[in-house]
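**Q** Coordinates only, no sequence provided:
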Ligand SMILES: Cc1ncc(COP(=O)(O)O)c(C=O)c1O
């Protein structure tokens with residue numbers, strides 16, 4: 001059985017009990033930490049509504065979750081709320097991403113960008129510890145990958161090679177992938193950090209990790225694979241239970257999730273997950289004033305973020321979350337049917353809640369009225385609809401009515 005729903009009162013109790021186990025800056029002699037509760041003149045802790053507001057209370061208490069709390073030591077001051085983050089990491093890796101219990105580490109990042117950079121940082125350092133150099137390591141991904149992987153390459157001083165996707169299917173062709181890898185090898189690149197997409201930003205398209213595995217194994221080069229589930233990680237595993245972009249696939253060692261997208265959590269709630277044994281490649285030993293040192297990219301970060309994500313997932317439970325995802329899929333089905341009726345060209349990954357339409361088929365004023373997002377603001381070729389909680393059937397029906405048949 002996957003994770004169960006928790007009653008609101010039990011969620012409240014759990015969070016307040018965790019906060020009570022943290023240091024209490026209000027009435028103890030804590031004088032060595034450059035941290036405190038929020039400014040009391042502005043954020044007063046005795047506001048009566050806080051008793052019923054565990055997330056807001058966590059913000060006011062302001063626990064620092066610096067470091068990674070799923071292995072080794074952590075700052076003991078915030079033990080109580082670190083435990084909630086550990087529960088969240090275990091839930092995401094085991095109940096959503098098919099890992100064996102207690103087989104993964106992870107932490108709540110500032111977002112999908114940080115989680116993607118953390119992955120490349122770990123694998124780059126691993127390759128370098130094993131004899132590679134900056135010139136013979138490259139990121140490998142499809143041309144639909146998120147721009148954060150370009151940031152990762154730039155920051156880490158490694159190369160990036162992309163494989164063009166087919167314009168209609170948005171998937172990579174194995175023969176093109178093979179050519180890309182062969183041309184990299186000719187130029188001396190023999191270590192690859194692969195980003196496999198679990199729903200891309202613009203199309204919701206999903207990569208087949210087996211293509212990368214087959215081509216890279218046949219080429220006898222070193223590779224590590226990360227799944228970018230920043231958009232799809234809280235969606236795709238609930239619509240396609242046979243997917244291979246999680247820890248059930250031995251080729252995948254780490255995953256990015258992002259709760260501030262589909263989960264509607266506050267910004268600052270990306271999640272990085274990796275099989276045990278990998279975080280150490282991002283250890284900064286000079287972080288000696290931090291108990292347990294630091295294997296994360298960010299440094300100080302708010303514990304309230306982990307609490308927010310945990311609260312949302314516990315409120316729904318596995319079945320409730322699956323139902324929510326299916327409601328969004330159902331709404332997208334309705335829009336897809338209307339587009340078919342009108343012969344409007346579009347891409348939709350089966351069961352996805354993103355529908356991306358050919359810009360040529362969409363009048364500009366309709367795109368503007370419904371704030372459809374283009375692939376490129378200067379020369380749009382595509383416009384997308386992302387069916388979220390607020391994108392209700394009435395709005396979708398109004399869009400469908402506003403679109404002329406092609
Ligand atoms: C697939 C994918 N990866 C990474 C990111 C980056 O996430 P963030 O904006 O949270 O840094 C996004 C954001 O849209 C995304 O869609």
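**A** That came through fine. Not measured: the values here are computed from a predicted model.

**Q** OK, contacts around residue 239?
**A** Counting by Cβ atoms under 8 Å, 6 or more residues apart in numbering, residue 239 makes contact with 325-326, 329, 350-352. All C-beta atoms are positioned from the backbone trio N, CA, C, and that covers glycine.

**Q** would you list these in JSON lines and tack on secondary structure, pLDDT and distance to the ligand?
**A** Written out in JSON lines, the entries for the contacts of residue 239 read as follows (DSSP: H, G, I helix; E, B strand; the rest coil; pLDDT from 0 to 100; distance: Cβ to the nearest ligand atom, whole Å):
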{"residue": "325", "secondary structure": "helix", "pLDDT": "98", "distance to the ligand": "17"}
{"residue": "326", "secondary structure": "helix", "pLDDT": "97", "distance to the ligand": "21"}
{"residue": "329", "secondary structure": "helix", "pLDDT": "98", "distance to the ligand": "18"}
{"residue": "350", "secondary structure": "coil", "pLDDT": "95", "distance to the ligand": "18"}
{"residue": "351", "secondary structure": "coil", "pLDDT": "92", "distance to the ligand": "17"}
{"residue": "352", "secondary structure": "coil", "pLDDT": "97", "distance to the ligand": "13"}
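
**Q** Can you lay out the residues you listed as TSV showing neighbour count?
**A** Written out in TSV, the entries for the contacts of residue 239 read as follows (neighbours: other Cβ atoms under 10 Å):
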residue	neighbour count
325	20
326	13
329	17
350	9
351	18
352	27
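
**Q** Those residues into a markdown table, with extra columns for distance to residue 208?
**A** Output for these, formatted as a markdown table (distance: Cβ to Cβ, whole Å):
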| residue | distance to residue 208 |
| --- | --- |
| 325 | 21 |
| 326 | 24 |
| 329 | 21 |
| 350 | 13 |
| 351 | 16 |
| 352 | 15 |
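
**Q** Show me which of those is closest to residue 3.
**A** Within the contacts of residue 239, the smallest distance to residue 3 is 14.7 Å, found for residue 325 (Cβ to Cβ).

**Q** Tell me if I'm right that the closest one and residue 241 touch.
**A** No - using Cβ atoms under 8 Å, residue 325 makes no contact with residue 241, being 11.8 Å away.

**Q** and residue 313, what element?
**A** With elements taken from DSSP states H and E, the one containing residue 313 is helix 303-341.

**Q** Show me what that helix packs onto, helices and strands only.
**A** Packing partners of helix 303-341 (3 or more Cβ pairs under 8 Å, 6 or more residues apart in numbering; DSSP states H and E): helix 8-21, helix 54-61, helix 79-90, strand 104-109, helix 236-239, strand 354-358, helix 393-402.

**Q** Listing partners with orientation, what would you give for the helix or strand just after it?
**A** Later in the chain than helix 303-341, the nearest helix or strand by DSSP H and E is strand 346-347. Sheet pairing of strand 346-347 (DSSP bridges) gives strand 354-358 (antiparallel).

**Q** Contacts for the strand it pairs with next, please.
**A** Applying Cβ under 8 Å, 6+ apart, the set of residues contacting strand 354-358 from outside is 199, 202-204, 231, 332, 335-336, 339, 344-348, 372, 375, 381-387.

**Q** what mean pLDDT does whichever helix or strand comes after that strand have?
**A** Sequence-wise, the next helix or strand beyond strand 354-358 is helix 364-369, with elements assigned using DSSP H and E. Averaged across helix 364-369, the pLDDT comes to 97.

**Q** Pull the number of nearby residues for residue 32.
**A** Other residues within reach of residue 32, judged by other Cβ atoms under 10 Å, total 8.

**Q** pLDDT wise, what is it at?
**A** We have a pLDDT of 85 for residue 32.

**Q** repeat for the one 5 residues further on
**A** Turning to residue 37, the model gives it a pLDDT of 93.

**Q** Helix, strand or coil: sort out it for me.
**A** The assignment at residue 37 comes out as coil when based on DSSP: H, G, I helix; E, B strand; the rest coil.

**Q** contacting residues for the spatially closest residue to it that is not a sequence neighbour?
**A** The shortest distance from residue 37 to any non-neighbouring residue, by Cβ to Cβ, 6 or more residues apart in numbering, is to residue 25 (4.7 Å). Listed by Cβ under 8 Å, 6+ apart, the contact set of residue 25 reads 35-37, 61-62.

**Q** centre of the chain versus the helix holding residue 313, how much separation?
**A** On the basis of Cα atoms, centre = their mean, to the nearest Å, the separation between the geometric centre of helix 303-341 and that of its chain is 15 Å.

**Q** Would you mind getting the angle between that helix and helix 8-21?
**A** 140 degrees (axes from the mean of the first three to the mean of the last three Cα atoms, to 10 degrees).

**Q** rewinding a little: if we look at the ligand, which of the contacts of strand 354-358 are close to it?
**A** Among the contacts of strand 354-358, proximity to the ligand is found for residue 231 (Cβ under 6 Å from any ligand atom).

**Q** Just the buried ones from the contacts of strand 354-358?
**A** Buried residues within the contacts of strand 354-358, counting neighbours by 16 or more other Cβ atoms under 10 Å: 199, 202-204, 231, 332, 335-336, 339, 344, 346-348, 372, 375, 382-387.

**Q** element containing the spatially most central residue of the chain, please.
**A** Relative to the mean C-alpha position of the chain, the nearest C-alpha, by Cα atoms, centre = their mean, is the one of residue 257, at 2.0 Å. In the assignment (DSSP H and E), residue 257 maps to strand 252-258.

**Q** quick check: mean pLDDT across the next helix or strand after that strand?
**A** Scanning the chain past strand 252-258 towards its C-terminal end, the next helix or strand to appear is strand 270-275 (assignment: DSSP H and E). Across strand 270-275, the average pLDDT comes to 98.

**Q** anything in strand 270-275 near the ligand?
**A** Yes - contact of strand 270-275 with the ligand (Cβ under 6 Å from any ligand atom) involves residue 270.

**Q** contacts for that strand?
**A** Judged by Cβ under 8 Å, 6+ apart, the contacts made with strand 270-275 from elsewhere in the structure are 88-89, 92-93, 97, 99, 103-115, 118-119, 122, 230, 233, 247, 253-260, 296, 309.
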